[in-house]
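Asks: model this:
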Amino acid sequence: MLLAHPAVLKDLVEQYETLRALHAEKGSPGVRQRMEDVAYTLCVSTGTRDVDAALIAARHRLPGARPEDDSLIATA
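Replies: Okay, the predicted model is just below:
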């Protein structure tokens with residue numbers, strides 16, 4: 001499987017987080033489509049089928065991530 005460069009993943013994660021923070025899912029059709037496109041690209045780039053799994057996978061591939069770091073997984 002081809003893996004995306006960490007710089008590409010970082011950019012995608014930042015785009016997705018920005019769109020989510022701005023509640024893009026409630027925005028105009030164009031903005032919603034952009035969020036869906038970024039989520040899809042994240043999934044393809046990380047080999048996942050779910051945007052939450054894609055975000056975790058992408059973050060683990062970024063510089064400074066530790067394999068044993070589970071801080072990205074929320075506890076109940």
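
Asks: mind checking the SS state of Leu3?
Replies: With DSSP: H, G, I helix; E, B strand; the rest coil as the basis, Leu3 sits in coil.

Asks: gap between Val38 and Gly64?
Replies: Distance, Val38 to Gly64, using CB to CB, to the nearest Å: 22 Å. In short, each C-beta sits where N, CA and C put it, glycine included.

Asks: quick one: which of those two has more around it?
Replies: Val38 (23 against 7; other CB atoms under 10 Å).

Asks: do you know how far the residue nearest the centre of the chain is from Pro63?
Replies: Central residue of the chain (CA atoms, centre = their mean): Leu55, 3.5 Å from the mean position. The spacing between Leu55 and Pro63, counted by CB to CB, is 16 Å.

Asks: picking that back up, nearest spatial neighbour of the residue nearest to the centre of the chain, skipping sequence neighbours?
Replies: In this structure, Leu55 finds its nearest non-sequential neighbour in Val13, 6.3 Å apart by CB to CB, 6 or more residues apart in numbering.

Asks: Surely the one you found and Ser45 touch.
Replies: No. Look at Val13 against Ser45 with CB atoms under 8 Å: they stay out of range, at 10.0 Å.

Asks: hey, what's in contact with both of these two?
Replies: Ala58 (CB atoms under 8 Å, 6 or more residues apart in numbering).

Asks: how distant is the longest helix that the chain contains from the center of its chain?
Replies: The longest helix of the chain (DSSP state H) is helix 29-46. Remark: helix 29-46 is offset 9 Å from the chain centroid, using CA atoms, centre = their mean, to the nearest Å.

Asks: How about stretch 50-60?
Replies: 5 Å.

Asks: Enumerate every residue touching the residue nearest to Leu55.
Replies: The contact partners of Val13, by CB under 8 Å, 6+ apart, come to 42, 55, 58-59, 62.
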